[in-house]
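Q: Sequence first, predicted coordinates after that:
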Protein chains: 2
Amino acid sequence: MEQGGKSGRRSPTAQELGVWRAYVETSEYVRQAMAAGLHATSGISPGDYGILLALSEAEEGRLRSSVLAEGIGWERSRLSHHLGRMESRGLICRKKSDNDSRGAVVELTDEGARTFRASSAPHLRLIRQLFIDALTPEDLADLGRITGKLRNHLEAEAGTQGEAPASS
Amino acid sequence: MEQGGKSGRRSPTAQELGVWRAYVETSEYVRQAMAAGLHATSGISPGDYGILLALSEAEEGRLRSSVLAEGIGWERSRLSHHLGRMESRGLICRKKSDNDSRGAVVELTDEGARTFRASSAPHLRLIRQLFIDALTPEDLADLGRITGKLRNHLEAEAGTQGEAPASS
DNA sequence: ATTACTTAATTGACGCGTCAATCATCACCC
DNA sequence: GGGTGATGATTGACGCGTCAATTAAGTAAT
């Protein structure tokens, strides 16, 4: 490993920093606007929406908790906390799995299904209003490409974190 | 207002939705990676960093709380909570303003200044590793442009939220 | 069947963010 | 100078997210 390569050494230029800051701030802004809009129109959070969506698409509106966590890419404990809150609002319920009674099965309640149906259209409308309408199709294609590169990079990076203390 | 315009009516296509989801997930990933990296290298959060940076750049390492809030674009109460936590860790301290004793002045402690100096290089290195290194200069330019459009759009959108219930 | 290991899920503590309510001070004005 | 209202900042409640610890149930070995 030469370390003299083109990467990782010098600190970002002012321009690079500017793009970084704009990116972080804007994505935060988007996130916040989405959360606020969803809350205003449907009384749920983006997290709620993701869970309701996953359950709605599942066989019989139920999923094993670990499968759900995997499906939406959440840590177990995060999901557990969130399900607790959703359960107390009556959107889902939890039962023990039949075959393996360690496992919990999460099931959409009628109320949950209704809430999801009611939130779906506003959710899509928000995506359009906040995001799609801001950009041309070319912008969208560029953004998709760039986002993909970024994600790949981060995933690769994550693999090489505490590794190879190496010779010297 | 004709409402028959090109925007806001139909729901997003699968492609559009794909870009949306990738964007949201990736920006979340970036945010999380940055927070984790900063915590690991310097024991602070991105919020801490922003505050330390703003104070470091200020005259005598001190700012009126409202000015600081404005500078970093935070709500007052968010800042207040955060300053409370930072104060208890000894990074900053708060005093009453001399002229207007409603106002609080936030001041960098020695410890805070030291922490900021120590975190600055790792912070910049993370930006490079996580973000800049993932992208070509052209990507970065595109992303800057697109981000700008998105931000402008959101700001404009925010202006026209609860407005003009209109005739029918 | 006891011990040990692993896996599923939950819990508790704590930092973070938002909203609504509150408290203190200033500014004005009669 | 005693209301009245604006302004600066804090607080409390609550949802959200992470980490570390824990509980509970399955699996395997002896």
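A: Okay, I see it.
Q: can you list the weak-confidence ranges in chain A?
A: In the prediction, chain A carries residues with pLDDT under 70 at positions A:1-8, A:161-168.
Q: Which residue ranges of it form helices?
A: Secondary structure of chain A by DSSP state H: the helices cover A:14-42, A:46-57, A:65-72, A:76-88, A:110-130, A:137-159.
Q: Give the other helices and strands that the first one contacts.
A: So that's helix A:14-42. Counting contacts by 3 or more C-beta pairs under 8 Å, 6 or more residues apart in numbering or on different chains; DSSP states H and E, helix A:14-42 packs against helix A:46-57, helix A:110-130, helix B:14-42, helix B:110-130, helix B:137-159. Where C-beta positions appear, they are placed from N, C-alpha and C, glycine not excepted.
Q: Around DNA strand D, which positions in chain A sit nearby?
A: A:45, A:47-48, A:74-75, A:77-78, A:81-82, A:85, A:100-102 (C-beta under 7 Å from any atom of the strand).
Q: Could you identify which of the helices of chain A is most buried?
A: Among the helices of chain A, helix A:46-57 has the highest mean neighbour count (mean count of other C-beta atoms under 10 Å in any protein chain shown), at a mean of 19.
Q: How far does that one sit from its chain's centre?
A: In terms of C-alpha atoms, centre = their mean, to the nearest Å, the gap separating the centre of helix A:46-57 from the centre of its chain is 11 Å.
Q: Check stretch A:64-79 too.
A: Its chain's average C-alpha position is 11 Å from that of stretch A:64-79, according to C-alpha atoms, centre = their mean.
Q: One more: stretch A:89-107?
A: For stretch A:89-107, the distance to the chain centre is 23 Å (C-alpha atoms, centre = their mean).
Q: for the residue in chain A that DNA strand C sits nearest to, what are its contacts?
A: Proximity of chain A to DNA strand C (C-beta to the nearest atom of the strand) peaks at A:Ser66, 2.5 Å away. Residues near A:Ser66 by C-beta atoms under 8 Å, 6 or more residues apart in numbering or on different chains: A:Arg76, A:Gly103.
Q: how far away is it from chain B?
A: Here A:Ser66 is placed at a distance of 20 Å from chain B (C-beta to the nearest C-beta, to the nearest Å).
Q: for A:Ala156, same thing?
A: A:Ala156 sits 9 Å away from chain B, going by C-beta to the nearest C-beta.
Q: same check, this time on A:Thr147
A: According to C-beta to the nearest C-beta, A:Thr147 stands 5 Å off from chain B.
Q: if I read this right, that residue contacts B:Tyr23, doesn't it?
A: Yes. The criterion here is C-beta atoms under 8 Å, and A:Thr147 meets it with B:Tyr23 at 5.4 Å.
Q: Minimum distance to B:Ile92: which of the helices of chain A has it?
A: Smallest distance to B:Ile92 across the helices of chain A (C-beta to C-beta): 22.1 Å, for helix A:14-42.
Q: hmm, that closest one touching DNA strand C?
A: Yes. Legend: contact between helix A:14-42 and DNA strand C by C-beta under 7 Å from any atom of the strand is shown at A:Gln32, A:Ala36.
Q: what's the angle from that helix to helix B:110-130?
A: 90 degrees (axes from the mean of the first three to the mean of the last three C-alpha atoms, to 10 degrees).
Q: give me every residue that touches A:Leu154.
A: Going by C-beta under 8 Å, 6+ apart, A:Leu154 touches B:Thr26, B:Tyr29, B:Val30, B:Ala33, B:Leu130, B:Ala134.
Q: Tell me the residues of chain A that contact DNA strand C?
A: With C-beta under 7 Å from any atom of the strand as the criterion, chain A meets DNA strand C at residues A:32, A:36, A:64-66, A:69, A:76-77, A:79-81, A:83-84, A:94, A:97, A:100, A:102-104.
Q: can you do 6 Å?
A: By C-beta under 6 Å from any atom of the strand, the residues of chain A that approach DNA strand C are A:32, A:36, A:64-66, A:76-77, A:80-81, A:83-84, A:94, A:102-104.
Q: Hmm, A:Val19 is touching B:Leu140, no?
A: Yes. Contact between A:Val19 and B:Leu140 holds when scored by C-beta under 8 Å: they sit 5.3 Å apart.
Q: Can you pull the residues that touch both of these two?
A: Counting by C-beta under 8 Å, 6+ apart, nothing touches both A:Val19 and B:Leu140.
Q: Now A:Gly43: phi and psi?
A: Main-chain dihedrals, A:Gly43, degrees, to the nearest 10: phi 70, psi 20.
Q: For it, which non-adjacent residue is closest in space?
A: Nearest non-adjacent residue to A:Gly43, counting by C-beta to C-beta, 6 or more residues apart in numbering or on different chains: A:Thr115, 7.7 Å away.
Q: State the distance from that neighbour to A:Leu55.
A: Going from A:Thr115 to A:Leu55 by C-beta to C-beta, to the nearest Å gives 11 Å.
Q: cool, A:Leu143 as well?
A: Noted for A:Leu143: a distance of 29 Å to A:Leu55, by C-beta to C-beta.
Q: now do A:Thr147
A: For A:Thr147 relative to A:Leu55 (C-beta to C-beta), the value is 27 Å.
Q: ok, now A:Gly73?
A: Going from A:Gly73 to A:Leu55 by C-beta to C-beta gives 15 Å.
Q: Equivalent analysis for A:Ala22, please.
A: Distance from A:Ala22 to A:Leu55, by C-beta to C-beta: 36 Å.
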